[in-house]
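Undergrad: make a model of this:
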Amino acid sequence: MKLKVQKQSIESILVNLQPFLEKKDASQITSHVLFETQDNICSIKATDLEIGLEIKTDNLSIEQNGSCTANGKKLLDIVRMLKDDEITLEFLDNTLIIKQKHSKFKLPTFDVTSFPAFPKTEDKPQISLDSLSLIQSFKKISPAIDTNNPKFELNGALLSIKNEYTDIVGTDTRRLAIATIENKSEKELSLIIPKKAIMEIQKLFLDKIDIFYDEVNLIIEDNNFYFYSRLINGKYPDYDRIVPKTTKQTLVLPRKDMIDTIRMITTISQDIKMTILPDVVIFNSLSSENVEAKTELEVETKFDEKFEINFNSRYLLDFITQIEKNEFELQFNEPNLPFIAKDDNFITIIMPIVM
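TA: Residues are numbered from 1 along each chain as shown. Below is the predicted model:
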């Protein structure tokens, strides 16, 4: 294999592949990227066995077809040091040689036949969802997905496809975020997608995508990327049971003013006490130290009696920063019961802090 490519092009590809590499053990082939060239196309792959990405490009000059591997992080480090000019990559004597004018580097390689195979889309069922709506929904609920929960299924997002709609769900047990997409489906389906995969999907895909699945993998592809992730095997909590079926009171609040208000209080404490009166909402910091933050938001609440509730401000702020409309709703029952933050087809149920 021998090819010539501009630094900017290969650097961009290698940057996108970094999250898919094994980082802790450089002796593993999963710490390497795989180059394969054929018909003026170069395919570069990376996988840590849990998620994988293939990027194809014709933005280069192939002088000799072939394949080889190289440590993905070290190769990126070398490319970054080189000048903004053409780089030559050549596989010779079981070594990848990187050259640019008077600079030359060598990296050891693995046997390409040992590189893990990617799952194929052939004969796999396809998911028909609006691509942009799905990616936006992943973005909305991703802050609520747990990261190191011993219940593995909570470290991912639930994709729950119903006959009339699809729910994308994330929870860390203190809040539950649900984004709903209206769609028709003949088959009902539930998949749990790891949080790492959810985050990478948001970075990679911006437009039309094709989605395939089986019992083990989710596969997404477009014109530039071929992405796969292993699914989480488990039973997701019955989230419908957590959503309050009715609420007693609704408060409409301005988005921008609430962001400013919450950030002001969090200079002292992340936990907030919110007091709702007929014509004003008062915010106080909840802190055991001898410090205090307090501010007010003048708004017509339509509450006849004083209502107080304590909550972790980060949960509400995560919700507000994901919406675009100028106003949103908070729906309440009792101060010691979960309340709902709502914006069209996106809701977050937040557990209050009970003092």
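Undergrad: ok, for residue 242, nearest residue in space, not its chain neighbours?
TA: Nearest non-adjacent residue to residue 242, counting by C-beta to C-beta, 6 or more residues apart in numbering: residue 176, 5.4 Å away. Where you see a C-beta, it was placed from the backbone N, CA and C, and this is true even at glycine.
Undergrad: surely that neighbour and residue 143 touch.
TA: No: using C-beta atoms under 8 Å, residue 176 makes no contact with residue 143, being 12.0 Å away.
Undergrad: shared neighbours of these two, anything?
TA: residue 170 (C-beta atoms under 8 Å, 6 or more residues apart in numbering).
Undergrad: the two: who's more crowded?
TA: Ranked by neighbour count (other C-beta atoms under 10 Å), residue 176 and residue 143 place residue 176 first, with 23 against 18.
Undergrad: strands paired with the host helix or strand of the more buried one, and their directions?
TA: With elements taken from DSSP states H and E, the one containing residue 176 is strand 175-182. Here strand 175-182 is paired, per DSSP bridges, with strand 165-171 (antiparallel), strand 346-350 (antiparallel).
Undergrad: with mean neighbour count added, can I get the ones you listed in JSON lines?
TA: Shown next, in JSON lines, are the strands paired with strand 175-182 (neighbours: other C-beta atoms under 10 Å):
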{"stretch": "strand 165-171", "mean neighbour count": "23"}
{"stretch": "strand 346-350", "mean neighbour count": "22"}
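Undergrad: just put those in JSON lines and tack on distance to residue 24 and mean pLDDT.
TA: Putting the strands paired with strand 175-182 into JSON lines (distance: least, C-beta to C-beta, whole Å; pLDDT from 0 to 100) gives the following:
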{"stretch": "strand 165-171", "distance to residue 24": "27", "mean pLDDT": "97"}
{"stretch": "strand 346-350", "distance to residue 24": "35", "mean pLDDT": "98"}
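Undergrad: would you format those as TSV with distance to residue 304 included?
TA: As requested, these are exported to TSV (distance: least, C-beta to C-beta, whole Å):
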stretch	distance to residue 304
strand 165-171	33
strand 346-350	23
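Undergrad: out of those strands, which gets nearest to residue 20?
TA: Residue 20 sits nearest to strand 165-171 of all those, at 21.9 Å, using C-beta to C-beta.
Undergrad: residues making contact with that closest one?
TA: 129, 134, 137-138, 140-146, 154, 157-160, 176-183, 185, 195, 236-237, 239.
Undergrad: now do stretch 174-188
TA: 128-130, 133-134, 136-137, 140-141, 143-144, 161-171, 239, 242-243, 312, 315, 319, 345-351.
Undergrad: picking that back up, so what's the residue nearest to residue 242 bridging to?
TA: With DSSP bridges as the criterion, the beta-bridge partners of residue 176 are residue 171, residue 349.
Undergrad: what score does it have for pLDDT?
TA: Residue 176 carries a pLDDT value of 98.
Undergrad: after the lowest-mean-pLDDT helix or strand in the chain, next one along is what?
TA: Across the helices and strands of the chain, the lowest-confidence element by mean pLDDT, DSSP states H and E is strand 126-127, at a mean of 92. Downstream of strand 126-127, the first helix or strand assigned by DSSP H and E is helix 131-141.
Undergrad: give me the buried positions along that next one.
TA: By 16 or more other C-beta atoms under 10 Å, the buried positions in helix 131-141 come out as 131, 133-141.
Undergrad: which helices and strands sit right next to that helix?
TA: In this structure, helix 131-141 packs against strand 165-171, strand 175-182, helix 195-204, with contacts taken as 3 or more C-beta pairs under 8 Å, 6 or more residues apart in numbering; DSSP states H and E.
Undergrad: so which of the ones you listed gets nearest residue 51?
TA: Of all these, the one in closest proximity to residue 51, counting by C-beta to C-beta, is helix 195-204 (5.4 Å).
Undergrad: got the CA coordinates for the closest one in CSV?
TA: What follows is helix 195-204, C-alpha atoms only, in CSV (Å, rounded to 0.1, in the frame of the first residue of the first chain):
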residue,chain,number,x,y,z
LYS,A,195,-24.2,6.5,26.1
LYS,A,196,-20.8,6.5,24.4
ALA,A,197,-22.5,5.6,21.1
ILE,A,198,-25.2,8.2,21.6
MET,A,199,-22.5,10.9,22.0
GLU,A,200,-20.6,9.8,18.9
ILE,A,201,-23.7,9.6,16.8
GLN,A,202,-24.4,13.3,17.6
LYS,A,203,-20.9,14.3,16.5
LEU,A,204,-20.8,12.3,13.2
